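In: Structure for this input, please:
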Amino acid sequence: MILSKNLPAIFRLQWMVFNIILTCCWNRFIYIMFINTDLNRKNIITLFTVILILWGTHFAHAESTNFLQVVYDSESHHSSSAHLGWGYAAYIRFGGQTIIFDTGLEEEKFKNNLDVFNRKTSDLFCMVASHIHPDHWGGTNFLWGKNPGIPVFIPTDELKNRWGERKPILVEDHKKLTENIWVVRTSINNFDLFRGQMHELTLVLQTQQDLVLVVGCSHPGLEKIVKRVRSILPGEIYLLTGGFHYIDFSAKEIEKKVEHFKKIGVKKVGPSHCSGPIAEEIFYRHYKKDYYFARLKDQIPLPPPLHRTKELK
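Out: Residues are numbered from 1 along each chain as shown. Alright, predicted model coming up:
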């Protein structure tokens with residue numbers, strides 16, 4: 001088993017201790033079986049049982065019950081048969097619910113990557129399309145085909161008729177999905193020459209370690225998104241991950257932004273997608289052990305939910 005760079009230090013320590021104990025037990029088992037055959041059968045069975053328990057316990061906890069995995073992105077730190085592509089998608093397991101946040105640009109790549117990572121989509125709780133740009137909702141038809149009744153949340157009327165008779169749910173402000181899961185809309189005026197306003201949804205998870213924010217492209221501005229969420233929900237920001245959209249910013253500008261996030265108490269970060277290599281390097285330098293790699297295939301462990309989850313009404 002290859003340890004992910006995103007696993008907490010305590011888990012990596014446990015993993016090493018486990019392997020030392022398992023190796024000792026295995027060596028003892030070989031000694032009993034093939035060298036000192038005088039030891040009784042009861043000792044052999046007891047030792048073999050200990051090995052199986054250790055092995056099973058380890059793999060039962062090898063993947064966190066609550067996690068986020070990037071399943072669509074243009075870069076990866078890993079070699080796999082997953083397809084790279086411009087866009088973003090995250091597969092999230094949280095409080096027993098499966099959430100898809102964005103679905104990338106190309107449906108076939110999105111489907112392929114879910115298969116490669118063995119991520120099932122037959123029991124989805126919901127899907128969130130963060131904003132209007134097609135590199136964030138290209139695989140939505142595929143998900144709706146497998147889950148005809150799932151709610152798909154959108155931030156703008158412009159997306160309402162993209163999927164024929166299937167009608168997504170417009171979130172004009174913020175919406176509570178369960179006791180622990182929210183979607184929050186942030187908007188910006190005068191986005192560009194062609195579009196007056198830009199609306200974007202952020203997925204917010206309430207955990208036992210404070211708030212987790214998953215962002216798509218942060219077009220309204222990451223600082224504005226964080227401020228908006230904090231005006232709605234109590235607590236500090238435990239994790240900020242997704243597309244930060246600092247790809248066109250200078251190193252000096254990004255340094256100021258990172259200092260701002262450190263100052264307001266953002267504990268951990270995982271820049272992805274449109275964040276840009278300069279931003280990734282600067283965030284890594286400032287956050288060190290609190291930096292999560294968040295490109296294609298990377299997996300981020302999430303803290304347990306704050307409250308007991310209730311079904312979406």
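In: For residue 276, list the residues it contacts.
Out: Residues in contact with residue 276 (C-beta atoms under 8 Å, 6 or more residues apart in numbering) are 244, 246, 247, 248, 249. No exception for glycine: its C-beta is placed from N, CA and C like everyone else's.
In: next one: residue 83
Out: Residues near residue 83 by C-beta under 8 Å, 6+ apart: 106, 108, 109, 112, 113.
In: Got the phi and psi for it?
Out: Torsion angles at residue 83 (phi, psi; degrees, to the nearest 10) stand at phi -100, psi 130.
In: Kindly list the longest strand within the chain.
Out: Under DSSP state E, the strand in the chain containing the largest number of residues is strand 198-207.
In: mean confidence for that one?
Out: The pLDDT scores in strand 198-207 average 97.
In: cool, stretch 125-139 as well?
Out: pLDDT averaged over stretch 125-139 gives 96.
In: now that stretch, how far from the centre of its chain.
Out: Put simply, stretch 125-139 sits 15 Å off its chain's centre (C-alpha atoms, centre = their mean, to the nearest Å).
In: Identify each buried residue in that stretch, please.
Out: Residues of stretch 125-139 classed as buried: 125-133, 135-139 (neighbour count, 16 or more other C-beta atoms under 10 Å).
In: got the end-to-end distance for that stretch?
Out: This stretch, stretch 125-139, spans 16 Å end to end (C-alpha to C-alpha, to the nearest Å).
In: who's in contact with the residue nearest in space to the middle of the chain?
Out: In the chain, the residue lying closest to the centroid (C-alpha atoms, centre = their mean) is residue 68, at 2.3 Å. For residue 68, the contact set (C-beta under 8 Å, 6+ apart) comprises 90, 91, 92, 212, 214, 241, 299, 300, 302.
In: Which of those lies at the shortest distance from residue 261?
Out: Nearest to residue 261, judged by C-beta to C-beta, of the contacts of residue 68 is residue 241 at 12.4 Å.
In: Show me the helices in the stretch 151-300 of the chain, by range?
Out: Under the criterion DSSP state H, counting those that start in this stretch, the stretch 151-300 of the chain contains helices at 222-232, 251-263, 277-287.
In: Rebuild the ones you listed as JSON lines, extending it with mean neighbour count and distance to residue 294.
Out: Formatted as JSON lines, the helices of the stretch 151-300 of the chain follow (neighbours: other C-beta atoms under 10 Å; distance: least, C-beta to C-beta, whole Å):
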{"stretch": "helix 222-232", "mean neighbour count": "17", "distance to residue 294": "14"}
{"stretch": "helix 251-263", "mean neighbour count": "14", "distance to residue 294": "15"}
{"stretch": "helix 277-287", "mean neighbour count": "18", "distance to residue 294": "9"}
